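Participant: what follows is a predicted protein model with its sequence.
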Amino acid sequence: MYNNSRYRQRTSIRHNGFSNGFSRSPQRGSFARPGFSANKRGGGQRRSQLEGADINMFIRKAAQNAPDESQTESHTFDSFNLHENIRQNISALGYINPTPVQAQAIGPILEGRDVIGLASTGTGKTAAFLIPLIQKIYLNRDQKALIIVPTRELALQINEEFKNLTRNMKLFSAFIIGGTNMYRQIQDLRRNPHIVIATPGRLKDLIERKNIYMEDYSNIVLDEVDLMVDIGFINDIKFFVSRMPKVRQSLFFSATISPKIQDVLRYFVTNPVTVSVKTQDTSENVEQDVVKVENPEKKIDTLHDLLIKDGFDKVLIFGRTKHGIEKLNKELEFRGFKVGSIHGNKRQSQRMRVLQSFKQNQIQILLATDVASRGLDIDNVTHVINYDLPQTYDDYIHRIGRTGRAGKTGIALTFVGNSYVNR
């Protein structure tokens, strides 16, 4: 179990450039603002399926000298006979050898096969489908691709990676997501982009408005479909599949597949190649442990003591509700930490600014609901802290996958309460 006792003796904040410059009293709890309570549930919050479960599911040592899933020596990008412009862009991004999922998936995609790709998060799934799609479209510009993803943040990340991989190739993309100007997105679609990246809600709106036609896309990617199902988009996925052209290439990439989506897969892919490089549910590069909090009133102080510890340089903290995340954000700001938050009540422009600040190390701590647990690739996250338990173990997997990426070692800590104390 993670031990904070020696940090409780500290009597002042190690500032790290913190803005408020408060002195911390050695009295426990004296730093919290009046009325702040970290243990109250928001109205309507569902009970986590993991409450009272076996504590050992949150404890695992990182493997010593764990194999780097981000690289493999069995292939090089040259072996795929990619166009010279693509190879130059790959090299400019610092990619040397393909990851295992890339090594296994790029070839079949270039051959036109349907692919189901299963790999732990952070292993390069996005480039595994983008690189061969870019090659196909660059050689035949009559082809177009549609990529459907569950969250706005993942759509933006895929769009950024597409731009990096297509420099000087005159290939264009559009991303259509909720929370942003629909008129601008309609204008982008009228420019006939080569690749469209979309979230389900906005995509359905534009299909029903006859601004986009599924029949125009011969290459379809469903990415992180299990999350789309979990957050209520199962009927939308079935709607999209029903509108897709019969002759198409279908690609499915995710870290997990639940029984709910087996029915979708049956209608989505034809004679697929299955690529799986998962060796276990969670990354071998993530050191996992728990932080026991016997008194819920001291939960915020326990978090405080962690965050002032050496090495907590870039921390992603997950909570279960938008309201709870916002309250925690205000409390940590009051205590002088450099912090930002993203959740469903934030405008998309606000979420983008906060993410950029975190990526550029302008803030030390990012607070998020599970909207941020899928697909985000943020360099050098030192710690993931589950301040609230996730709803499911799959959610836990995706949360802690934000650290320990690209062969680096990360730390994941999960706060647990009284139901775990005597285990």
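Facilitator: Right, received. Where do you want to start? Numbers count the residues shown, from 1 in each chain.

Participant: got the phi and psi for Ala155?
Facilitator: Torsion angles at Ala155 (phi, psi; degrees, to the nearest 10) stand at phi -60, psi -40.

Participant: which residues does it contact?
Facilitator: Contacts of Ala155 were listed using Cβ atoms under 8 Å, 6 or more residues apart in numbering, and they are 147, 149, 175, 177, 197-199. Backbone N, C-alpha and C define where each C-beta goes, glycine included.

Participant: redo that, cut-off 6 Å
Facilitator: Listed by Cβ atoms under 6 Å, 6 or more residues apart in numbering, the contact set of Ala155 reads 149, 175, 177, 197, 199.

Participant: can I assume the last one is in contact with Gly179?
Facilitator: Read that as Thr199. No: the pair Thr199 / Gly179 is not scored as a contact, 9.2 Å apart, by Cβ atoms under 6 Å.

Participant: more crowded one of the two?
Facilitator: Per other Cβ atoms under 10 Å, whichever of Thr199 and Gly179 has more neighbours is Thr199, with 23 against 16.

Participant: which SS class is the nearest residue to Asp388 once chain neighbours are set aside?
Facilitator: Take Asp388 and drop its neighbours on the chain: the residue closest to it by Cβ to Cβ, 6 or more residues apart in numbering is Arg320, 4.1 Å away. When classified by DSSP: H, G, I helix; E, B strand; the rest coil, Arg320 comes out as coil.

Participant: what's around Arg320, how many residues?
Facilitator: Other residues lying near Arg320 total 21 when counted by other Cβ under 10 Å.

Participant: offset the numbering so it begins at 740, please.
Facilitator: All set: I'll call the first residue 740, so the last point we hit is now Arg1059.

Participant: distance of it from Gly1140?
Facilitator: 18 Å (Cβ to Cβ, to the nearest Å).

Participant: same question for Val935.
Facilitator: Remark: distance between Val935 and Gly1140 (Cβ to Cβ) = 26 Å.

Participant: what are the boundaries of the helices in the stretch 790-939 of the chain?
Facilitator: Along the stretch 790-939 of the chain, counting by DSSP state H, counting those that start in this stretch, helices occupy 823-831, 839-849, 864-878, 891-904, 921-929, 939-947.

Participant: can you list the domains in the protein?
Facilitator: According to automatic domain parsing, the chain comprises the domains 744-804+1022-1159, 816-1015.

Participant: turn these into a markdown table, columns for mean pLDDT.
Facilitator: Compiled in a markdown table, the domains of the chain are given as follows (pLDDT from 0 to 100):
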| stretch | mean pLDDT |
| --- | --- |
| domain 744-804+1022-1159 | 77 |
| domain 816-1015 | 91 |
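
Participant: circling back to that earlier point, which one of the contacts of Ala894 is nearest to Ser1096?
Facilitator: Within the contacts of Ala894, the smallest distance to Ser1096 is 19.9 Å, found for Ile916 (Cβ to Cβ).

Participant: is it true that that closest one touches Pro939?
Facilitator: No: with contacts counted by Cβ under 6 Å, Ile916 stays clear of Pro939, the gap being 10.0 Å.

Participant: could I get the full set of strands for this protein?
Facilitator: For the chain, the strands defined by DSSP state E cover 854-857, 884-887, 912-915, 934-937, 958-962, 988-993, 1012-1015, 1025-1031, 1054-1057, 1078-1081, 1104-1107, 1122-1125, 1149-1155.

Participant: mind putting the ones you listed into CSV with mean neighbour count and distance to Ile1047?
Facilitator: As requested, the strands of the chain are exported to CSV (neighbours: other Cβ atoms under 10 Å; distance: least, Cβ to Cβ, whole Å):
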stretch, mean neighbour count, distance to Ile1047
strand 854-857, 22, 39
strand 884-887, 24, 41
strand 912-915, 22, 39
strand 934-937, 24, 39
strand 958-962, 24, 38
strand 988-993, 23, 37
strand 1012-1015, 16, 41
strand 1025-1031, 20, 14
strand 1054-1057, 26, 11
strand 1078-1081, 25, 13
strand 1104-1107, 24, 11
strand 1122-1125, 24, 13
strand 1149-1155, 24, 14
